[in-house]
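**Student:** What follows is a predicted protein model with its sequence.
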Amino acid sequence: MKVTLQYGTTGLDVELPDERVDVIAPRHVSGLAGERAAFIGAVRYPIGSAPLASVIGARDRVAVAIPDLTRPFPSARVLPWLIDELSHVSPKNIVILLGTGSHRAASESEIASLVGAEIASAFPVVNHNAHDPSGLVSAGRTRDGRDVPMNRLYVEADRRIVLGFIEPHFMAGFSGGYKGVFPALAGIDAIMHYHRAAVIGDPRSTWGVLEGNPTQDQIRFNGSLVPLDFLINVTLNRQREITGYFCGAVREAHDRGCAFAKDTAMIACRDAYPIVVTSNSGAPLDQNLYQTVKGISAAAQIVAEDGFIVAAARCQDGFPAHGNFRRLLHEHRSPRALLDTILQDGFSMADQWQAQLLAIAQLKARIGVFSEIAADEIVRSHLEPVTDIRARVTEELDRAGSHARIAVLPEGPMTIPYLAAS
């Protein structure tokens, strides 16, 4: 049986034994026949809000926040339609912000690719910088009294529009909504507090859970400290076609979009699997190992104790090179030792949250990675380098016995598998 895993921009074909494979993928939803016409309808007849054009005044200074390079939101398609709807606003009053959170900035060429050359040349497109105090201003305080610095251009705007993509998320339940504000436009100290170990390790900080999720609770509270005037969220299929728009008032539109995503992406499994093959949903999501933790976490939901997960992710950007993720993995003798460090009172280091979730998965199952990262680097991360997925899975089948089955998540974290009994 040939299974195509989403991998980079080309995909990856893997041959697996027909009679032993269960392919677990989201219910297919066709792309909208007319994306532009549907967009116009969604912003003119929004959810719980007045039409976009009437929300934004002609003289308003408008901040438009969009996802960064690690998200597949189709900015180059959607932004021109948005600008058309804001034709009554002078271009000099509109700024486009890349919600990088703690991720790296996009280069000029990457910005042109992300938003389209025409938009890049006509409007300022600004990388949010969580580490630059001069670009931040206080938006208010968290529930526990901590200051929340946010992007100055966003906070000081007269009106704010946030664009985003709703997908299953391994900490926040689902992405989208206020997540395009917090942590996307927050200062690094606020991002660190948001990702603290006690919250990341909470069992309700997980896939598909919104209510009572302490991660999502922070997103919604901190993201709403400054009014968000209009939300534009989409869902996508595996061809990156838009399958739905969820626009208008933030909570109402986001809740409706999450319900749609949950209906198409949440898949019940009767039994745990000794072997799970996963991806990280291809480009741009599989550009580094840091992001690939999402696909690994999805597989960990249904893998048996001491089972085997193999994740296929191109990782052309490595771990990545910036940040502390690689350092955290390499400087600890085991995943257990890494968790012990992270859970120490007072410990705080950027990227610890992703290392924490990877370590939790490593304590449950053995994990192999098929990628462009050097084998010795993978080994130092307490992972197994895999060069031939078919051969490695065959070895595991021999180990697991004649009745063992293989789960395949070709779209990785676009699917939320769960054990029905749980």
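**Tutor:** Received the coordinates, thanks. Numbers count the residues shown, from 1 in each chain.
**Student:** and residue 199, how far is that from residue 218?
**Tutor:** According to Cβ to Cβ, to the nearest Å, residue 199 and residue 218 sit 7 Å apart. Quick note: C-beta positions are derived from backbone N, CA and C, even for glycine.
**Student:** Oh, that last question was meant for residue 72, not what I typed.
**Tutor:** Taking Cβ to Cβ, one finds residue 72 at 24 Å from residue 218.
**Student:** So which of the two has more stuff around it?
**Tutor:** It is residue 218, of residue 72 and residue 218, that has more neighbours when counted by other Cβ atoms under 10 Å, with 25 against 18.
**Student:** for that one, phi and psi?
**Tutor:** Phi and psi for residue 218, reported as degrees, to the nearest 10, are phi -60, psi -40.
**Student:** and if you look at residue 99?
**Tutor:** Residue torsions, per degrees, to the nearest 10, at residue 99 are phi -80, psi 80.
**Student:** Tell me if I'm right that it and residue 182 touch.
**Tutor:** No - counting by Cβ atoms under 8 Å, residue 99 does not reach residue 182; the two are 9.4 Å apart.
**Student:** what number of residues lie near residue 184?
**Tutor:** Counted with other Cβ under 10 Å, residue 184 comes out at 30.
**Student:** An error on my part: the question was meant for residue 395.
**Tutor:** Other residues close to residue 395 by other Cβ under 10 Å number 12.
**Student:** next one: residue 355
**Tutor:** 26.
**Student:** can you tell me how far it sits from residue 341?
**Tutor:** From residue 355 to residue 341 the distance is 9 Å (Cβ to Cβ).
**Student:** care to break the protein down by domain?
**Tutor:** 2-27+270-419, 35-263 (automatic domain parsing).
**Student:** any chance of those in CSV, plus mean pLDDT?
**Tutor:** Compiled in CSV, the domains of the chain are given as follows (pLDDT from 0 to 100):
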stretch, mean pLDDT
domain 2-27+270-419, 95
domain 35-263, 96
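**Student:** hang on, residue 411 packs against residue 27?
**Tutor:** No - look at residue 411 against residue 27 with Cβ under 8 Å: they stay out of range, at 11.4 Å.
**Student:** Neighbour count: these two, which is higher?
**Tutor:** Remark: of residue 411 and residue 27, residue 411 carries more neighbours, 24 against 11, as counted by other Cβ under 10 Å.
**Student:** ok, and what's touching stretch 77-85?
**Tutor:** For stretch 77-85, the external contacting residues (Cβ atoms under 8 Å, 6 or more residues apart in numbering) are 35-36, 39-40, 43-44, 52-53, 64, 66, 91, 94, 96, 115-116, 118-119, 123, 161, 163, 232, 234, 242.
**Student:** Buried residues, it. List them.
**Tutor:** 78, 79, 81, 82, 83, 85 (16 or more other Cβ atoms under 10 Å).
**Student:** doesn't residue 284 make contact with residue 313?
**Tutor:** No - applying Cβ under 8 Å, one finds residue 313 not in contact with residue 284, separated by 11.4 Å.
**Student:** Compare those two (neighbour count), which wins?
**Tutor:** Neighbours were counted for residue 313 and for residue 284 using other Cβ under 10 Å; residue 313 has more, 33 against 20.
**Student:** Can you tell me how far that one is from residue 36?
**Tutor:** Residue 313 is 32 Å from residue 36, by Cβ to Cβ.
**Student:** and if you look at residue 45?
**Tutor:** Taking Cβ to Cβ, one finds residue 45 at 15 Å from residue 36.
**Student:** The two - which one has more neighbours?
**Tutor:** Comparing residue 45 with residue 36 by other Cβ under 10 Å, the one with more neighbours is residue 36, at 14 against 11.
**Student:** give me phi/psi at the more buried one?
**Tutor:** phi -70, psi -50.
**Student:** what do you get for residue 162?
**Tutor:** phi -120, psi 130.
**Student:** Any idea what it is bridged to?
**Tutor:** residue 65, residue 231 (DSSP bridges).
**Student:** so it sits right up against residue 227, yeah?
**Tutor:** No - using Cβ under 8 Å, residue 162 makes no contact with residue 227, being 11.2 Å away.
**Student:** Those two: which has the busier surroundings?
**Tutor:** residue 162 (28 against 8).
**Student:** any idea which helix or strand carries residue 378?
**Tutor:** helix 375-380 (DSSP states H and E).
**Student:** ok, the very next helix or strand once past that helix: who's next to it in the sheet?
**Tutor:** The helix or strand immediately downstream of helix 375-380 is strand 384-385, counting by DSSP H and E. Using DSSP bridges, strand 384-385 pairs in its sheet with strand 366-370 (parallel).
**Student:** Just the residues contacting the strand it pairs with, thanks.
**Tutor:** With Cβ under 8 Å, 6+ apart as the criterion, strand 366-370 contacts 12, 289, 292, 296, 306-313, 315, 361, 378, 383-387, 389, 392.
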